[in-house]
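> Here you go, sequence then predicted model.
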Amino acid sequence: MNWKQVTAVVLASAALGGVTPAQAADKVKVVALQGTQLFPVRIMQSRGIAAKYGIDMEVMEVAAPQASYAAMQSGDVQIGFTGWIVIASLRAKGFKLTNVYPMISYTNDIMVKTNSPLKSIADLKGKRVGLFGGANSATTWLYRLIVQKFYGFEPMKDSSIHFGAPPLLMGMLDKGELDALLLLDPFITQLQESGQYRSIASVAKFWREKTGQSPML
């Protein structure tokens, strides 16, 4: 990731909200989901990038995407991170939001317990699957598209879907209340390092291999 590009995202977002770089030190409110969304924000703070450009960020960390959507709809934050599908749907409802920069890509894996009999997405039909993104998130839509296009079943009807924050779903998977979980980093890495979980598919890698295209996020 290019940190100059990350800085440009924040500067451009601040400008869209009527805040110039010189004024940004007053406070720029940012909402970010724990995990990959929060990573560039913390790098900007810890490496002095934010301070160099006069950006004083007030960061709201949230555990689930729905909390991000609520914050962005409230108008109380200037910058948020989410998929373009969510932004499009919120704009259609009249919320004045703008996509500034495509900063991250899909880094989502479908995780199961190491001793699980599940080997691929095809095995998820009829199973209990956790989705961290919520019903309208870009990650959920990509998952649904892959399942329908390449495996011929509708995951929302032909399997039992559970939405929730990553820590909650991870607990359900650990207790055996879920058979599989679509997850994001750093939670994927944490589960893999424990030796008790494995990935049966990376949705972005799968899409690239099947179509030769990178899915837009």
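Perfect, thanks for sending it. Residues are numbered from 1 along each chain as shown.
> now the helices: where do they sit in the protein?
Secondary structure of the chain (DSSP state H): helices at 3-16, 38-46, 49-52, 65-74, 84-92, 138-151, 155-158, 166-175, 187-194, 203-211.
> Now tabulate those helices in TSV and tack on mean neighbour count.
The C-beta positions use only the backbone N, C-alpha and C, and glycine is treated the same way. Below are these laid out as TSV (neighbours: other Cβ atoms under 10 Å):
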stretch	mean neighbour count
helix 3-16	16
helix 38-46	17
helix 49-52	16
helix 65-74	18
helix 84-92	15
helix 138-151	18
helix 155-158	15
helix 166-175	17
helix 187-194	16
helix 203-211	15
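> Quick check: the residue nearest to residue 206 when sequence neighbours are not counted vs residue 111, distance?
Residue nearest to residue 206 in three dimensions, not counting chain neighbours: residue 146, with 6.2 Å by Cβ to Cβ, 6 or more residues apart in numbering. From residue 146 over to residue 111 the distance is 16 Å, taken as Cβ to Cβ, to the nearest Å.
> Relative to residue 31, tell me which of the helices of the chain wins on proximity.
Nearest of these to residue 31, taken as Cβ to Cβ: helix 65-74 at 4.2 Å.
> Only C-alpha atoms, please: export that closest one in PDB.
C-alpha atoms of helix 65-74 as PDB (Å, rounded to 0.1, in the frame of the first residue of the first chain):
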ATOM      1  CA  PRO A  65     -20.100  -2.600   9.500                       C
ATOM      2  CA  GLN A  66     -23.700  -1.600  10.500                       C
ATOM      3  CA  ALA A  67     -22.200   0.700  13.100                       C
ATOM      4  CA  SER A  68     -20.100   2.400  10.400                       C
ATOM      5  CA  TYR A  69     -23.200   2.900   8.200                       C
ATOM      6  CA  ALA A  70     -25.000   4.500  11.100                       C
ATOM      7  CA  ALA A  71     -22.200   6.800  11.800                       C
ATOM      8  CA  MET A  72     -21.900   7.900   8.100                       C
ATOM      9  CA  GLN A  73     -25.600   8.400   7.900                       C
ATOM     10  CA  SER A  74     -25.600  10.600  11.000                       C
END
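> Which of the helices of the chain has the lowest mean pLDDT?
Of all the helices of the chain, mean pLDDT reaches its minimum on helix 3-16 (a mean of 44).
> So which of the helices of the chain is nearest residue 118?
Nearest of those (Cβ to Cβ): helix 166-175, 11.6 Å.
> Show me what the closest one is in contact with.
Helix 166-175 has contacts (Cβ atoms under 8 Å, 6 or more residues apart in numbering) with 34-35, 63-64, 111-113, 130-132, 162, 164, 178, 180-181, 183-184, 187, 191, 197.
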